[in-house]
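**Student:** Provided below for reference: sequence and predicted model.
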Amino acid sequence: MADVRQSRRRFLVALTAGIAALAGLGRFLRPRKVPQREILSAPLADIPADSALVFREERVAVVRSESGYYALSLVCTHLGCTVSVGASGLFCPCHGSVFDREGRVVKGPATRPLPRLTVAVRGDRLVVSG
């Protein structure tokens, strides 16, 4: 009977240690949430209707559509070149990827859409963060 209690005790100690170790590892296995930072702020009056306002230095395009405002990253999802904005969509001059006005891939080699950034209206300004 003493052996059964001893092995049960060893089992419970090992189980507790294993659970504690897994709980400690859990924080390293989950992706970290990176806090969003403000990228730019622009007057709402500067953003033309049904068009894009391009911020070259920040590599961001802010679009005012019928449904509201949205912002796209102008960093190509293929190899990171800066995408150009045209009347019919967005074009990567490095390798020829084409994106529609919503940032979806029309023609590769890029396979992922352009990332959308967070926008918020604060008073008479549009704030873009990401």
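**Tutor:** Alright, I've got the coordinates. Model, not experiment: these values are computed from the prediction. Residues are numbered from 1 along each chain as shown.
**Student:** what's the residue nearest the centre of the chain in contact with, if anything?
**Tutor:** Closest to where the C-alpha atoms of the chain average out (C-alpha atoms, centre = their mean) is residue 115, at 5.8 Å. Counting by C-beta atoms under 8 Å, 6 or more residues apart in numbering, residue 115 touches 72-73, 75, 77, 103, 130. Just so you know, the C-beta spots here come from the backbone N, C-alpha and C atoms, and that holds for glycine as well.
**Student:** pLDDT wise, what is it at?
**Tutor:** What the model reports as pLDDT for residue 115 is 94.
**Student:** among the contacts of residue 115, which are in strands?
**Tutor:** Among those, the residues falling in strands (DSSP state E) are 72-73.
**Student:** which one (most neighbours) among the contacts of residue 115?
**Tutor:** residue 72 (25 neighbours; other C-beta atoms under 10 Å).
**Student:** residue 126 contacts residue 42, correct?
**Tutor:** Yes - counting by C-beta atoms under 8 Å, residue 126 does reach residue 42; the two are 5.4 Å apart.
**Student:** comparing those two, which residue is more hemmed in?
**Tutor:** Shown here are residue 126 and residue 42; by other C-beta under 10 Å, residue 126 has more neighbours (21 against 17).
**Student:** distance check, the more buried one against residue 114.
**Tutor:** 18 Å (C-beta to C-beta, to the nearest Å).
**Student:** show me the beta-bridge partners of residue 99.
**Tutor:** residue 90, residue 105 (DSSP bridges).
**Student:** for it, what are its contacts?
**Tutor:** 83, 89-92, 105-106, 110, 113-114.
**Student:** same list (those residues) but as JSON lines, adding distance to residue 22 and neighbour count.
**Tutor:** Converted to JSON lines, these look like this (distance: C-beta to C-beta, whole Å; neighbours: other C-beta atoms under 10 Å):
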{"residue": "83", "distance to residue 22": "43", "neighbour count": "27"}
{"residue": "89", "distance to residue 22": "48", "neighbour count": "17"}
{"residue": "90", "distance to residue 22": "45", "neighbour count": "23"}
{"residue": "91", "distance to residue 22": "49", "neighbour count": "16"}
{"residue": "92", "distance to residue 22": "44", "neighbour count": "25"}
{"residue": "105", "distance to residue 22": "40", "neighbour count": "17"}
{"residue": "106", "distance to residue 22": "45", "neighbour count": "13"}
{"residue": "110", "distance to residue 22": "39", "neighbour count": "21"}
{"residue": "113", "distance to residue 22": "36", "neighbour count": "15"}
{"residue": "114", "distance to residue 22": "38", "neighbour count": "23"}
